[in-house]
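K.L.:
The following comprises the amino acid sequence and a computationally predicted model.
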Amino acid sequence: MLVKIIFLGIIQALTEFLPISSSAHLVLMENVLKMSNGAVLSYTAFFHLGTTLATIFYFRRRIWEILKNLFQATPSRNESIHIIISVIVGTVPIAFFGYFFKNQIEYFFETQIYFIGLFLILNGILLFITKFSTDRSSFLTYTNAFVIGLAQVLALLPGISRSGITISTALLLGLSAYRSFEFSFLLSLPAIIGANVLLLKDIMINFSLINFIFSVFIPFFVGLGALKLLNKTVLTKKIYYFAFYSWIFGGIILAVR
């Protein structure tokens, strides 16, 4: 069991941050490893805890800067307020759709993996078109934040990467690579923390201490590495490289379904 936890933890962390859809990989691993829904739910809860901690740790200086500036009467205070409001505005769509369309979303997880193949191909298309994006501004408007938040809703579907769809949308809106990467993950925190709370309250199996440690810290450390790699590919405008993986993976699923 520990070997499965380590394997799934690595897969979760890599695919959570790299734009290739963690939900698609975990659904497929559930079938390959013949694991019950309850077991996968429990592992996923702790995996997400590990990747959430990785996100907070990676952006710790930026998060601290935003929070610290709130209590200082400087121009930076207005910037921090703007970013926080932008995150709230961007979170509204996924909160709405996640709550009111929960059953419809679960349909895609519970039916044929055919949908995963289709969504992975769509994910690849969205990534590839960033090749033609141009930087026009580093300023994030509330309209942009809302549009990126709407795009994040698609990540509720297995096969659509949350980081991929939000970064791609930000780049296509003309935001700089740095701003696109940063806002994508600041925006992820409310959604991921909310998902963690829901998953953790529904845990169906008991974990030993050793299983808990590996389930949290494997995704944490692997996730930090994945974040560094993604940051480099975004800043060098090479995130579209991951489109080829999505197309190949999606095509294989459609071919063997």
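P.N.:
Nice, thanks for sending it over.
K.L.:
ok, which stretches of the protein are helices?
P.N.:
2-17, 22-32, 37-58, 60-69, 75-100, 102-110, 114-128, 142-153, 162-172, 177-201, 209-235, 242-256 (DSSP state H).
K.L.:
now these as JSON lines including distance to residue 135?
P.N.:
C-betas here are computed from N, CA, C, even on glycine. Formatted as JSON lines, those follow (distance: least, CB to CB, whole Å):
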{"stretch": "helix 2-17", "distance to residue 135": "22"}
{"stretch": "helix 22-32", "distance to residue 135": "28"}
{"stretch": "helix 37-58", "distance to residue 135": "23"}
{"stretch": "helix 60-69", "distance to residue 135": "20"}
{"stretch": "helix 75-100", "distance to residue 135": "18"}
{"stretch": "helix 102-110", "distance to residue 135": "33"}
{"stretch": "helix 114-128", "distance to residue 135": "17"}
{"stretch": "helix 142-153", "distance to residue 135": "13"}
{"stretch": "helix 162-172", "distance to residue 135": "8"}
{"stretch": "helix 177-201", "distance to residue 135": "7"}
{"stretch": "helix 209-235", "distance to residue 135": "11"}
{"stretch": "helix 242-256", "distance to residue 135": "20"}
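K.L.:
Least confident of the ones you listed, on average?
P.N.:
Mean pLDDT per stretch puts helix 102-110 lowest among these, at a mean of 63.
K.L.:
returning to that earlier point: just say which of the helices of the chain is most tucked in.
P.N.:
Most buried of those, by mean neighbour count (mean count of other CB atoms under 10 Å): helix 162-172, with a mean of 26.
K.L.:
which helices and strands sit right next to that helix?
P.N.:
Using 3 or more CB pairs under 8 Å, 6 or more residues apart in numbering; DSSP states H and E, the elements in contact with helix 162-172 are helix 114-128, helix 142-153, helix 177-201.
K.L.:
for the last one, packing partners?
P.N.:
What that stands for is helix 177-201. Here helix 177-201 touches helix 37-58, helix 60-69, helix 75-100, helix 142-153, helix 162-172, helix 209-235, going by 3+ CB pairs under 8 Å, 6+ apart.
K.L.:
can you give me how far the third one is from the chain middle?
P.N.:
Okay, so that is helix 75-100. How far helix 75-100 lies from its chain's middle: 16 Å, per CA atoms, centre = their mean, to the nearest Å.
K.L.:
quick one: it to helix 177-201, angle?
P.N.:
Computed by axes from the mean of the first three to the mean of the last three CA atoms, to 10 degrees, the angle separating helix 75-100 from helix 177-201 equals 50 degrees.
K.L.:
center of the protein - which residue?
P.N.:
residue 162 (3.9 Å; CA atoms, centre = their mean).
K.L.:
show me the contacts for the nearest residue to that residue once chain neighbours are set aside.
P.N.:
Closest residue to residue 162 apart from its sequence neighbours, by CB to CB, 6 or more residues apart in numbering: residue 155 at 3.6 Å. Neighbouring residues of residue 155 by CB atoms under 8 Å, 6 or more residues apart in numbering: 21, 94, 161, 162, 165, 166.
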